[in-house]
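Peer 1: Just to be clear, the model below is a prediction. Sequence and coordinates:
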Amino acid sequence: MPAAAPAIEAVELGKTYGKGAKAVHALAGLSFTVEPGTVFGLLGPNGAGKSTTVRILTTLSRPDTGRARVHGIDVVQHPEQVRRLIGYVSQKPGFDPVATGLENLVLQGRIHGASARDARSRATGLLERFGLTEAGRRLAGTWSGGMQRKLDVAMGLMHRPRMLFLDEPTTGLDPEARRELWAEIARLARQDGLTVLLTTHYLEEADHLASRLAIVDAGRVVTAGTPDQLKSALGGDTIRAALARRSDADRARAVIGAVPGLGAVVGEGGALQARVADGAAVLPGVLAALEAAGIELASVGVARPSLDDVYLHHAGRSFVEADRLGNDREAVLR
Ligand SMILES: Nc1ncnc2c1ncn2[C@@H]1O[C@H](COP(=O)(O)OP(=O)(O)OP(=O)(O)O)[C@@H](O)[C@H]1O
């Protein structure tokens, strides 16, 4: 294995589910690279193709086209070797609720071929590491959601993988549990040198946790870089306006859109936004135009670009809107 091989190389991955009129092109030439020892985020709305990508990289599914390597090893040609290098924590809980935390971990270790003694020692170490030593003696089904997610992550680490895949790790957790898990994930890369690939549809999660990220839309990477690079590449500001009355939205769009120096006005309901080179210079003109048209505002502000703006710029629609459309589509498919 070449020493300098990236932790992940995905090249032009393609995957279609179903045939004919019902075919879903989940991946349409998706490529990205992950450096070892970093937290990499695949950020995209529901249905973008994140889980399909992870399933291919973890050898659970095969791509129709393209290729992928994990630490230089091809996932299709040598799935067994790849599996030894990786841990995978899926969206669904993987633990047995009627076994204790310790029993879950020991069983996982045994499945990976560890002796009873080694499995117990590793399990005890991981429980301590995640602050679960006390809880480890209780049935996992009685734990809080945040503790259960940590147990899933610990199970993925039992065989000491070099790389950990986390599919939507904090979905369903309350904000406090989410922040706690973020801290644990960051620590895995920083202290243990583990490479972590996580998928998320939370902009804040990608912004906070990923040292690099790829934004995925409709089965391909629309842009990639550090969160700061992606935001500063956009340049300029975003003007955000919340209307007092949603019924004014169409008129407000037209009025704001006519102010010189503004990009396209987008948004949903009474919340509108537009890109502009210098927000402070243009804002007075926006306020004057709205006032002249008799449109009342609940709030207005100028902000530096967010990852939502990055997504909007590259995908042509807002992240929240795309996430909702993805959800609706998934509901229809189910
Ligand atoms: N087994 C399958 N059969 C048919 N269609 C599928 C299958 N798995 C995924 N899809 C479809 O492929 C597309 C990509 O799905 P995928 O789960 O990879 O997206 P995602 O970005 O992970 O979304 P989510 O956040 O909802 O998991 C979606 O349109 C989904 O409905």
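Peer 2: Thanks, I have it.

Peer 1: quick one: Ile73 and Glu128, what's the gap?
Peer 2: 32 Å (CB to CB, to the nearest Å). Bear in mind the C-beta positions are built from the backbone N, C-alpha and C, glycine included.

Peer 1: Ala177 is in contact with Gly146, isn't it?
Peer 2: Yes: contact criterion CB atoms under 8 Å: Ala177 and Gly146 qualify, at 2.9 Å.

Peer 1: out of Ile73 and Glu128, which sits in the busier spot?
Peer 2: Ranked by neighbour count (other CB atoms under 10 Å), Ile73 and Glu128 place Ile73 first, with 17 against 11.

Peer 1: in the sheet, who's paired with the more buried one?
Peer 2: Residues in a beta bridge with Ile73, per DSSP bridges, are Val70.

Peer 1: mind listing what the residue sitting nearest the centre point of the chain touches?
Peer 2: Nearest to the mean C-alpha position of the chain, by CA atoms, centre = their mean, lies Thr200 at 1.9 Å. The neighbours of Thr200, taking CB atoms under 8 Å, 6 or more residues apart in numbering as the test, are 41-43, 50, 168-170, 206.

Peer 1: how about a cut-off of 10 Å?
Peer 2: Thr200 sits next to 41-44, 50, 166-171, 206-210, 213 when contact means CB atoms under 10 Å, 6 or more residues apart in numbering.

Peer 1: Sort out which residues of the helix or strand encompassing Glu291 are buried, please.
Peer 2: Using DSSP states H and E, Glu291 sits within helix 279-292. Residues 279, 282-283, 285-286, 289-290 are the ones in helix 279-292 that count as buried (16 or more other CB atoms under 10 Å).

Peer 1: out of those, who's nearest the ligand?
Peer 2: Gly279 (32.3 Å; CB to the nearest ligand atom).

Peer 1: Which residue ranges of the stretch 1-150 of the chain form strands?
Peer 2: 8-17, 24-34, 39-43, 65-70, 73-74, 86-89 (DSSP state E, counting those that start in this stretch).
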